[in-house]
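Asker: only geometry, no sequence info:
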């Protein structure tokens, strides 16, 4: 379907569900397969989470495994670290992206470092689920994109799902990982529907996915901007341009092999994300691709993102976030660049 991620092949176990329900199914599957998996967070039990991602799990697995915590993110992550050191596989829910900062010290100073500090003797299988990004008309601290903070922190895996199938498979993989995982969920895509194979194997935590191949330019996106990238590629096709789309899926580590391969094929690349372009993931991708593919690039690697400002009031967020028009303007700039590939 135009503007939508490529759906997985349909099987007898496939069903159509929203991204939010796919996450719920992934949590349910993980809890059923391993009784060490526990969930903790604010209102995750009786309420089922502010976005209802944990709906029904406390009823089915009990209060000892789905734990309603106080409003204290530092305590949530601190307890999860202790549980992991005692052999559990905790999954934390942070209600909104901007609420994670009270837990920043626990994540960066403790969670990310304990495995290296112990010489690999300790594992920290903690997943921190964070609804991310804007587009829902929320107030301050509810629409931030803070992935660069955690991607810069050695010792953490940073994952960003964009569709129901990947949400289900990537979350299962994250829970199985012995590394701590920051798991970003695009909150404005919670209600997007897609086909999910409930018997599919967990997805790799270090591979991007090429959603659409192209010959003129490659768009790199993740999480909430994947939909924007696909829509822009459709619009560019109407003007006769072949534009590919890569869904990063994993931000740390970056799948540079796939990114370089796409850059070598098209010679032009645009990175889009909701975070500010200043010191963002796009800057790292631009630098790495330029270093690895300089001789074949036909234009600089360009970036599209939010402005380097605090998140604005909801009534103007549509002017703050990257949209199809801004992305198309940047694609046009890359395609119009007068430089030539080096030989």
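Answerer: Structure's in. What do you need? Treat the numbers as computed from the prediction; the structure is a model and nothing was measured.

Asker: Looking at the residue nearest to residue 93 when sequence neighbours are not counted now. What's its pLDDT?
Answerer: When the adjacent residues along the chain are set aside, residue 93 lies closest to residue 41, with 3.3 Å between them (C-beta to C-beta, 6 or more residues apart in numbering). For every residue, glycine as well, the C-beta is placed using N, CA and C. Predicted confidence (pLDDT) for residue 41: 97.

Asker: tell me which element residue 130 is part of?
Answerer: Per DSSP states H and E: residue 130 is located in strand 127-132.

Asker: returning to what we had before: can you pull the contacts of the residue nearest to residue 93?
Answerer: Applying C-beta atoms under 8 Å, 6 or more residues apart in numbering, we find residue 41 in contact with 49, 54, 67, 68, 69, 76, 92, 93, 94, 95, 129.

Asker: So which elements touch the strand holding residue 130?
Answerer: Applying 3 or more C-beta pairs under 8 Å, 6 or more residues apart in numbering; DSSP states H and E, one finds that strand 127-132 contacts strand 89-93, helix 164-176, strand 181-186.

Asker: Only the buried subset of the contacts of residue 41, as a PyMOL command please.
Answerer: The PyMOL selection below is limited to those of the contacts of residue 41 classed as buried (16 or more other C-beta atoms under 10 Å):
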select buried, resi 49+54+67+69+76+92+93+94+95+129
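
Asker: and which of the contacts of residue 41 is nearest to residue 319?
Answerer: Of all the contacts of residue 41, the one sitting nearest residue 319 is residue 95; the distance, using C-beta to C-beta, is 26.0 Å.

Asker: three-state assignment of that closest one?
Answerer: For residue 95, the reduced secondary structure class is coil; criterion used: DSSP: H, G, I helix; E, B strand; the rest coil.

Asker: Now it, what are its backbone angles?
Answerer: Reported as degrees, to the nearest 10, the phi and psi values for residue 95 are phi -60, psi -40.

Asker: related to what we said a few turns ago, how close does the residue nearest to residue 93 get to residue 68?
Answerer: Distance of residue 41 to residue 68, computed by C-beta to C-beta, to the nearest Å: 8 Å.

Asker: got it, and residue 243?
Answerer: Taking C-beta to C-beta as the criterion, residue 243 is separated from residue 68 by 46 Å.

Asker: between the helices and strands packed on strand 127-132, which one is nearest to residue 313?
Answerer: Of all the helices and strands packed on strand 127-132, strand 181-186 comes closest under C-beta to C-beta, at 20.8 Å.

Asker: What is the longest strand along the chain packed up against?
Answerer: When every strand of the chain is counted residue by residue (DSSP state E), the longest turns out to be strand 269-276. For strand 269-276, the elements it packs on are helix 147-151, strand 217-221, helix 225-238, helix 256-266, helix 281-293, strand 302-306, helix 324-336, judged by 3+ C-beta pairs under 8 Å, 6+ apart.

Asker: Let me have these in CSV, extended by mean neighbour count.
Answerer: Putting the helices and strands packed on strand 269-276 into CSV (neighbours: other C-beta atoms under 10 Å) gives the following:
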stretch, mean neighbour count
helix 147-151, 22
strand 217-221, 30
helix 225-238, 22
helix 256-266, 18
helix 281-293, 18
strand 302-306, 22
helix 324-336, 17
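
Asker: between those, which one is nearest to residue 110?
Answerer: Using C-beta to C-beta, the helices and strands packed on strand 269-276 put helix 147-151 closest to residue 110, at 13.7 Å.

Asker: pLDDT score for the closest residue to residue 232 other than its chain neighbours?
Answerer: In this structure, residue 232 finds its nearest non-sequential neighbour in residue 327, 4.3 Å apart by C-beta to C-beta, 6+ apart. For residue 327, the model assigns a pLDDT of 97.

Asker: dump the residue contacts of residue 327.
Answerer: The contact partners of residue 327, taken as C-beta under 8 Å, 6+ apart, are 219, 228, 229, 232, 270, 272, 304.

Asker: just those now: which is nearest residue 133?
Answerer: Nearest to residue 133 among the contacts of residue 327 is residue 228, at 11.0 Å by C-beta to C-beta.

Asker: how many neighbours does the nearest residue to residue 125 once chain neighbours are set aside have?
Answerer: Nearest-residue entry for residue 125: residue 89, 4.6 Å, with adjacent residues in sequence omitted and distances by C-beta to C-beta, 6+ apart. Neighbour count for residue 89, taken as other C-beta atoms under 10 Å: 23.

Asker: Just list whatever residues bridge to residue 89.
Answerer: In this structure, residue 89 bridges to residue 37 when assessed by DSSP bridges.

Asker: wait, it sits on residue 37?
Answerer: Yes - counting by C-beta atoms under 8 Å, residue 89 touches residue 37, with 4.8 Å between them.

Asker: Sounds good, over and out.
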